[in-house]
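**Student:** 3D model of this:
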Amino acid sequence: PKGVKPAELPDYSKAPEVLLLRELISDSQRRRLAAQREIIRRRSQVDLGKLLHLAGDESVSLAGRIASLFAFSQAADERTFSAIATLLGDRQLAAWAIRALTDDDRRLKSVDPTSIVRLVDASDPRTRREAVRALGRLGNLSIAGNLAVRLNDVDPIVRHVAVAALARLNAVKQCLAVLD
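**Tutor:** Below you'll find the predicted structure:
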């Protein structure tokens, strides 16, 4: 709007962790992104437990929770990365938690598909889509039957992602079983 002057951005490279965490959940997308980048840059010097706590805090805006989740997923090491799975039960955040768990090819082997399989039947289409996409990326042919049921999903995007996931798995038998 005319005449509005936004508050000056702090020097994030010199900001204490408490300020970065506050900026991470601010209403400003610009501030969230700058804080997230600095947190990832500092990765070993940041309390990852605080990031995971913010991601799970329902009193924080969804945008702030998502920013916290992805800051955690990118800053976490192999020992702490799997903690993202604790957020799969959060209906509001489940779709983004699935994406954070399965976005990096190098970490796919550490993801337990059973925690994602149940979300293929979620009431939220975004969560179903992310679950189907993730299961396709995990490359486990034994769970292809769970994907095949989504070929007749009410949401056309979920159906499309199911086709792509089944093609990625080369799940011919599971696809033909749907026709029988």
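**Student:** Report how many residues lie close to the residue nearest to Pro6 when sequence neighbours are not counted.
**Tutor:** Among residues not flanking Pro6 along the chain, Ser28 sits closest, at 7.8 Å (C-beta to C-beta, 6 or more residues apart in numbering). C-beta: built from backbone N, CA, C; applies to glycine. Counted with other C-beta atoms under 10 Å, the neighbours of Ser28 add up to 14.
**Student:** Tell me the pLDDT of Ser28.
**Tutor:** What the model reports as pLDDT for Ser28 is 93.
**Student:** For Trp96, see how far away it is.
**Tutor:** 19 Å (C-beta to C-beta, to the nearest Å).
**Student:** ok, and what's touching the helix or strand hosting Arg159?
**Tutor:** Taking DSSP states H and E as the criterion, Arg159 maps to helix 156-169. If you take C-beta atoms under 8 Å, 6 or more residues apart in numbering as the criterion, helix 156-169 is touched by 125, 128-129, 132-133, 135-137, 139-141, 144, 147-148, 150-153, 174-175.
**Student:** Tabulate the CA atom coordinates of that helix in CSV.
**Tutor:** Taking Å, rounded to 0.1, in the frame of the first residue of the first chain, the C-alpha atoms of helix 156-169 are listed here in CSV:
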residue,chain,number,x,y,z
PRO,A,156,-7.8,-35.9,-10.7
ILE,A,157,-4.4,-34.8,-9.5
VAL,A,158,-4.2,-37.7,-7.1
ARG,A,159,-5.1,-40.1,-10.0
HIS,A,160,-2.5,-38.5,-12.2
VAL,A,161,0.2,-38.8,-9.5
ALA,A,162,-0.9,-42.5,-8.9
VAL,A,163,-0.4,-43.3,-12.6
ALA,A,164,3.1,-41.7,-12.5
ALA,A,165,4.1,-43.5,-9.3
LEU,A,166,2.9,-46.9,-10.6
ALA,A,167,4.8,-46.3,-13.9
ARG,A,168,7.9,-45.4,-11.9
LEU,A,169,7.6,-48.7,-10.0
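**Student:** can you start the count at 34 instead of 1 from here on
**Tutor:** Yep, numbering from 34; the last one is helix 189-202 now.
**Student:** Tell me which residues are up against the worst-scoring helix or strand of the chain on mean pLDDT.
**Tutor:** When the helices and strands of the chain are scored by mean pLDDT, DSSP states H and E, helix 205-212 comes last with a mean of 84. With C-beta under 8 Å, 6+ apart as the test, helix 205-212 has contacts from 177-178, 180-182, 184-185, 199.
**Student:** Let's see that with 10 Å instead.
**Tutor:** Helix 205-212 has contacts (C-beta atoms under 10 Å, 6 or more residues apart in numbering) with 174-182, 184-185, 195-196, 199-200, 202, 204.
**Student:** related to what we said a few turns ago, and the contacts of helix 189-202, which are buried?
**Tutor:** 161-162, 165-166, 168-170, 177, 180-181, 183-184, 186, 207-208 (16 or more other C-beta atoms under 10 Å).
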